[in-house]
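Would you be able to build a 3D model of this:
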Amino acid sequence: MSSPSKRREMDVMKLMMSDYTVETINDGLSEFNVEFHGPKESLYEGGVWKIRVELPDAYPYKSPSIGFVNKIYHPNVDELSGSVCLDVINQSWSPMFDLLNVFEVFLPQLLLYPNASDPLNGDAASLMMKDKKLYEQKVKEYCERYAKKENISNNCTSDEESDEEDISEAESQSSDDEIPGHADP
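The predicted structure follows:
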């Protein structure tokens, strides 16, 4: 490859031509989202995440920045920012790797083999070590709540929408039709 920009173009095009749905941001090739499905035979199977990818100017010599947009419960993913703690991306990245490696090998391996001794989510790591069954239940709850196709297609990544639905359901089931601050007639 003659230049990092040609390599970037080639890697992004290779990802787009694969089975991944890629959505560019600002019509460029340095920022985009990728639809990622949880690996088969894992706690995350059936989950769908939007992964934000940012390629630095020096890519492939410098690693991409990878983050989950919708929530995931995992010891090595920061629950608030979605940042990923993965040595191969953060420390031992090599220009021999490409974006397909990230989505076909690195992220599936991360989800299949969480590392509780190097956590970004201390609660998930602690729960994984102390109560594996409860940890697995919480992972599945997060998958059900946040990792559905509709969560990534409408950019709804917060609890607000589902909480509003819960509140409106609760209000409609209430037998009191009182309006706070108003006296009953």
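
ok, Pro39 to Phe97 distance?
Distance, Pro39 to Phe97, using Cβ to Cβ, to the nearest Å: 18 Å. For glycine as for every other residue, the C-beta is placed from the backbone atoms N, C-alpha and C.

Tyr20 now?
The gap separating Tyr20 from Phe97 is 16 Å, by Cβ to Cβ.

next one: Met10
In this view, Met10 and Phe97 are 13 Å apart by Cβ to Cβ.

Please identify which of the two sits among more neighbours.
Under the neighbour definition other Cβ atoms under 10 Å, Met10 and Phe97 were set side by side, and Phe97 has more, 18 against 14.

Bridge partners for Glu31, pull those for me.
Glu54 (DSSP bridges).

Hmm, Ile25 and it touching each other?
Yes - Glu31 is within contact range of Ile25, at 4.1 Å (criterion: Cβ atoms under 8 Å).

At which residues are the strands of this structure located?
22-24, 31-37, 48-54, 65-68 (DSSP state E).

Kindly reformat the ones you listed as TSV containing distance to Glu150, mean neighbour count and mean pLDDT.
Shown next, in TSV, are these (distance: least, Cβ to Cβ, whole Å; neighbours: other Cβ atoms under 10 Å; pLDDT from 0 to 100):
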stretch	distance to Glu150	mean neighbour count	mean pLDDT
strand 22-24	15	15	93
strand 31-37	12	19	96
strand 48-54	9	20	97
strand 65-68	16	20	96
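
now for those strands, which one comes closest to Lys140?
Nearest of these to Lys140, taken as Cβ to Cβ: strand 48-54 at 14.3 Å.

Run the angle between the closest one and strand 31-37 for me.
Taking axes from the mean of the first three to the mean of the last three Cα atoms, to 10 degrees, strand 48-54 and strand 31-37 form an angle of 150 degrees between their directions.
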